[in-house]
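Trainee: just need the structure, nothing else, for what follows:
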Amino acid sequence: MLPKDVTEHEPIYEKELTTRRPAGGQILAVAIVQLDTSEWIINVQVSWKGSKWLDVCLWERRTLKRYKRLNRAVRHVILDYGYDEGHITVIPNKAGKSESAF
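Mentor: Next up, the predicted model:
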C-alpha cells in the first residue's frame, strides 16, 4: 500500500533498475502515479532496499523520470525494468485529468 503522499519518497536511479541491479535483486511492486501536471511517475519497491517505496529518477540525476503518457510508463516498467512478477498499480489524479495523458 502506498503512503498518502505518493511523490515524496527516496530516489532510486534508473540505472539501479536496469544495468546496475544487484545480483538476485527483484522489483517487488510498482505503482504509476499521475501528477497534477498530468504527467506520470513510477514508484517501486525493490528487494535490496527493504519495503520502502522509491521514486524512479533519471539515470544519474535526482530528477524524477516523468512520462506524458501512461502507456509509455507501463511499457518502460515491463520492457526496460523487466517487471513481470505482479500487478502494476495505477493511481490517477483528478486534478491532472487529461485524455491525452492516457
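Trainee: ok, Ile32 touching Leu70?
Mentor: Yes - under the criterion of Cβ atoms under 8 Å, Ile32 makes contact with Leu70 at 6.6 Å. C-beta coordinates here come from the backbone N, C-alpha and C atoms, glycine included.
Trainee: pLDDT weak spots in the protein?
Mentor: Counting by pLDDT under 70, the low-confidence segments of the chain come to 1-8, 96-102.
Trainee: which secondary structure elements does the one helix or strand Val44 maps to contact?
Mentor: Using DSSP states H and E, Val44 sits in strand 40-46. On a contact count with 3 or more Cβ pairs under 8 Å, 6 or more residues apart in numbering; DSSP states H and E, strand 40-46 meets helix 14-17, strand 27-34, strand 54-57, helix 70-75.
Trainee: look at Ile32 and Leu70 and report which has more neighbours.
Mentor: Ile32 (21 against 17; other Cβ atoms under 10 Å).
Trainee: returning to that earlier point: Asn93 is nearest to which of the helices and strands packed on strand 40-46?
Mentor: Evaluated with Cβ to Cβ, the helices and strands packed on strand 40-46 place strand 27-34 nearest to Asn93, the distance being 4.1 Å.
Trainee: from the contact counts, what lies against the closest one?
Mentor: Contacts defined by 3+ Cβ pairs under 8 Å, 6+ apart place strand 27-34 against strand 40-46, helix 70-75, strand 88-91.
Trainee: most packed of those?
Mentor: Of all the helices and strands packed on strand 27-34, strand 40-46 has the most neighbours on average by mean count of other Cβ atoms under 10 Å, namely a mean of 22.
Trainee: show me what contacts Thr63?
Mentor: Cys57 (Cβ atoms under 8 Å, 6 or more residues apart in numbering).
Trainee: hmm, Ile12 and Val56 touching each other?
Mentor: Yes - at 6.0 Å, Val56 and Ile12 qualify as touching, with contact defined as Cβ under 8 Å.
Trainee: so which residue is dead centre in the protein?
Mentor: Ile42 (1.6 Å; Cα atoms, centre = their mean).
Trainee: in the sheet, who's paired with it?
Mentor: For Ile42, the beta-bridge partners under DSSP bridges are Ile32.
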